[in-house]
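K.L.:
need a structure here:
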Amino acid sequence: MNVRRSATALAALAALCTAAAPAAFADASPSPKPSGGSAALPKGLYGTKDPKFDGVWRQSLALLAQDAVGVTPARSAIDWLAGQQCEDGGFAAYRADASAACDPKKGEFTDATAAAVQALAAVGGRSASVEKGIGWLKKHQNDDGGWGLNPGSPSDANSTSAAVGAFAATGQDPKQVKSAKGGKTPYDVLLGLQLGCDAQEGQRGAFAYTADKGSGKPVANDLATAAAALATEGKGFVFEPAGKDTGKAPKPLDCDAGKGGGKDGEPAGADGAAEAAQAAAAYLSETMAGHGNHLLSAMPGAKAQPDFGSTADAIVALAAGEHSATAAKPLQWLQSEKSGALAWAKGDPGALGKLVLAAHAAGADPRSFGGVDLVQQLNATGPKPESVSAAGSESGKDSDSDSGKDEDKKSDDEGGVGGVWWTVGVFMVAGIGIGFLLSGRKKQQL
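P.N.:
From the prediction side, this is the model:
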């Protein structure tokens, strides 16, 4: 990892964020103006900030969060996300010009595609788009079984984990998703990135973002660990039953002689996934407890400060392993006024969606989150929902909730989309604002 190069790249990318927003789709009715820009935002898009780095990502989180808590999103919101799909099934960060072709090598992203697939699968009625997205992921799976940020780039924990979530959300067993050449699965990559018993104490069970080609030793990364902890549970961003708890703390790697990690420090078990998930959860729990029930920013050169996004990631991962009781203190910290998380998320659909998903996963009420109705705030960042379930009801949808999921919407999937997008650090910049799996992307890679 070259921290100096990473910091330089981030500074340049931050400067790019100050540029005016690109031209947006025309709409007969007035659309909100993006903060810091003059162009109107497209109809159906959540949020008012410039979407060029995170449009698809924040839209996907918003739709997933709404669907999880019994809100039927506006059709225009679903239409917008489906309309962002490239002809080959992939998704870019944002397509302002629907007539331009996508760049299949640099303009499409694994993480954006995986998030959009999960969102469109959740809201229903978009099977053609979902199938095309899954097909894109299968086509661009690396020989080692994983995925990188762009097609052909080296596999990393975050992109691989996002892809795992997409397959899980569409009813496919990620362990059966094998590369065309070599027959490797996503777990072949993920388990190879986990630090085992040969790592120093306090880092065992953590995951690296990607293999360190220089030293040959993986470097622990909290963001990658939260992502991989969810993926090794075989789950996507939303799962049921939410809030379930085993009553036991996550189990760290057993590093006694002849047990668990063995001489090479690898997790035990038939495929290692279950043990890997437990060890990652134990690492996250211990790390958050040591920092006052939250994770710290992993940005290169950043001062030690709370990272709301990665903390929410960790809560989701713990809940996925049925450790909601362990997640309770970090979740309580996010709700506290002292943490500043609520102020951070206000008005930001990606951040609000992230907090809603964390609360939902751990069995808390996102409609009463530190005295704030996160669902109401999220709904207010975009078009009015088709329907909203009774406050506090998150286990099922209204009878109207499924009415907007008919197959007659599939024709919208085929609308032309495209355009060429930024090729470096797109989701790194997006991650600065909303965190989640994309937070801190290029800092390990540049």
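
K.L.:
Follow the chain on from the helix ranked longest in the chain and name the next helix or strand.
P.N.:
The longest helix of the chain (DSSP state H) is helix 273-290. Later in the chain than helix 273-290, the nearest helix or strand by DSSP states H and E is helix 308-320.

K.L.:
just the angle between that next one and helix 273-290, please?
P.N.:
130 degrees (axes from the mean of the first three to the mean of the last three CA atoms, to 10 degrees).

K.L.:
Distance from the chain centre to helix 308-320, please.
P.N.:
Taking CA atoms, centre = their mean, to the nearest Å, the mean C-alpha location of helix 308-320 is offset from the chain mean by 11 Å.

K.L.:
what is the mean pLDDT for stretch 386-403?
P.N.:
Mean pLDDT, computed over stretch 386-403, is 53.

K.L.:
Show me what secondary structure element comes after the helix or strand residue 81 falls within.
P.N.:
Using DSSP H and E, residue 81 sits in helix 75-83. From helix 75-83 onward toward the C-terminus, using DSSP H and E, the following helix or strand is helix 110-123.

K.L.:
could I get that following helix in CSV with only the CA atoms?
P.N.:
C-alpha atoms of helix 110-123 as CSV (Å, rounded to 0.1, in the frame of the first residue of the first chain):
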residue,chain,number,x,y,z
THR,A,110,-18.9,-4.2,-9.8
ASP,A,111,-20.1,-2.5,-6.7
ALA,A,112,-22.7,-0.3,-8.5
THR,A,113,-23.9,-3.3,-10.4
ALA,A,114,-24.2,-5.5,-7.3
ALA,A,115,-26.0,-2.8,-5.3
ALA,A,116,-28.5,-2.0,-8.2
VAL,A,117,-29.2,-5.7,-8.6
GLN,A,118,-30.0,-6.1,-5.0
ALA,A,119,-32.3,-3.0,-5.0
LEU,A,120,-34.1,-4.0,-8.2
ALA,A,121,-34.6,-7.5,-7.0
ALA,A,122,-36.0,-6.2,-3.7
VAL,A,123,-38.6,-3.9,-5.2
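
K.L.:
Taking helix 75-83 as reference, get the angle to that helix.
P.N.:
Using the same axes, to 10 degrees: helix 110-123 against helix 75-83 is 140 degrees.

K.L.:
now helix 110-123: mean pLDDT?
P.N.:
Mean pLDDT, helix 110-123: 98.

K.L.:
got it, and stretch 76-90?
P.N.:
Stretch 76-90 comes out at a mean pLDDT of 97.

K.L.:
Tell me the buried residues in it?
P.N.:
For stretch 76-90, a neighbour-count test (16 or more other CB atoms under 10 Å) marks 76-86, 88-90 as buried. C-beta: built from backbone N, CA, C; applies to glycine.

K.L.:
Ok, stretch 335-352 next?
P.N.:
Residues 335, 339, 341-342, 344-345, 347-352 are the ones in stretch 335-352 that count as buried (16+ other CB under 10 Å).

K.L.:
can you list these in JSON lines and add pLDDT and secondary structure?
P.N.:
As requested, these are exported to JSON lines (pLDDT from 0 to 100; DSSP: H, G, I helix; E, B strand; the rest coil):
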{"residue": "335", "pLDDT": "98", "secondary structure": "helix"}
{"residue": "339", "pLDDT": "97", "secondary structure": "coil"}
{"residue": "341", "pLDDT": "98", "secondary structure": "helix"}
{"residue": "342", "pLDDT": "98", "secondary structure": "helix"}
{"residue": "344", "pLDDT": "97", "secondary structure": "helix"}
{"residue": "345", "pLDDT": "98", "secondary structure": "helix"}
{"residue": "347", "pLDDT": "97", "secondary structure": "coil"}
{"residue": "348", "pLDDT": "98", "secondary structure": "coil"}
{"residue": "349", "pLDDT": "98", "secondary structure": "helix"}
{"residue": "350", "pLDDT": "98", "secondary structure": "helix"}
{"residue": "351", "pLDDT": "98", "secondary structure": "helix"}
{"residue": "352", "pLDDT": "98", "secondary structure": "helix"}
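
K.L.:
how about those in CSV, adding distance to residue 136?
P.N.:
Listed next are those as CSV, based on distance: CB to CB, whole Å:
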residue, distance to residue 136
335, 38
339, 38
341, 34
342, 36
344, 32
345, 31
347, 32
348, 28
349, 24
350, 22
351, 27
352, 28
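
K.L.:
Out of the buried residues of stretch 76-90, the closest to residue 144 would be?
P.N.:
Closest approach between these and residue 144, by CB to CB: residue 90, at 19.9 Å.
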